[in-house]
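>>> I would like the atomic coordinates for the input below:
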Amino acid sequence: MKRQVEAEIPTEWGYFNMIAYSEDETERMPHFAMVHESFSGEGPVYVRIHSECLTGDLFGSKRCDCGEQLINSLKICAENGGAIIYLRQEGRGIGLINKLKAYNLQDEGLNTADANVRLGHEVDERRYEVAIQILEDLKITQIHLITNNPLKIQALDNSPIEVVSRIPIVIEAQEENFNYLKTKKDLMGHLLTQEE
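Numbering: from 1, shown residues only. Here you go, the predicted structure:
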């Protein structure tokens, strides 16, 4: 995984440096980092490792809390000179087509975990080795991790990156995502409380 190119991106939350990472420069869907202009790299850095959710991130789908988590993480990173690591692993790693098939199964009564399993996948197929490589490339060794997901914490616990603290990113449930969030908490162990 190599740093291929970077460019400055002006946003509602200030300027971010977008850095694309891939094995080769012809990759059309690279992972990337959004590093805020006030990033210094000194001391623990506020970091969100975010897996792509096209429906939530781009279209504001209410079936999940992903888009709201991303927006809130951008705000936190802007306030604290942090970075978003954006991984192209849609639908907990099963891809957009299977994610939409899982949505159809959820509409028939399955929860988000059981729908993935019915389609022949693991509940969560995401991996975080690339995020660790990107953090190392950015010379980040200590982080305040913006997450509710214990699997991200576990992945980083077995890496050279020290998680100094966990920053919760709890989004209030809505009618459309209540069962989704309940499944994340009850079956997948997500830490959906405000405590750090």
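
>>> what is the most centrally placed residue in the chain paired to in the beta sheet?
Centroid-nearest residue in the chain, with CA atoms, centre = their mean: H50, separated by 1.3 Å. Listed beta-bridge partners, H50: Y86 (assigned using DSSP bridges).

>>> Check it and give its pLDDT.
For H50, the pLDDT comes out at 96.

>>> Can you verify my assumption that S61 contacts G67?
Yes: with contacts counted by CB atoms under 8 Å, S61 reaches G67, the gap being 6.8 Å. Placement of C-beta: from N, CA and C, glycine included.

>>> Find residues that contact each of the two.
C53 (CB atoms under 8 Å, 6 or more residues apart in numbering).

>>> hang on, the earlier thing: how close does the residue nearest to the centre of the chain sit to P44?
18 Å (CB to CB, to the nearest Å).

>>> Likewise for E27?
From E27 to P44 the distance is 30 Å (CB to CB).

>>> Same check on E25?
On the measure of CB to CB, E25 and P44 end up 32 Å apart.

>>> Ignoring the adjacent residues along the chain, who's closest to H121?
I94 (4.8 Å; CB to CB, 6 or more residues apart in numbering).

>>> right, and the one you found touches R118 too?
No: between I94 and R118 there is no contact, the gap being 11.5 Å when judged by CB under 8 Å.

>>> List the buried residues in stretch 90-100.
90-94, 98-99 (16 or more other CB atoms under 10 Å).

>>> And for stretch 16-30?
Result for stretch 16-30 [16+ other CB under 10 Å]: buried residues 16-22, 30.
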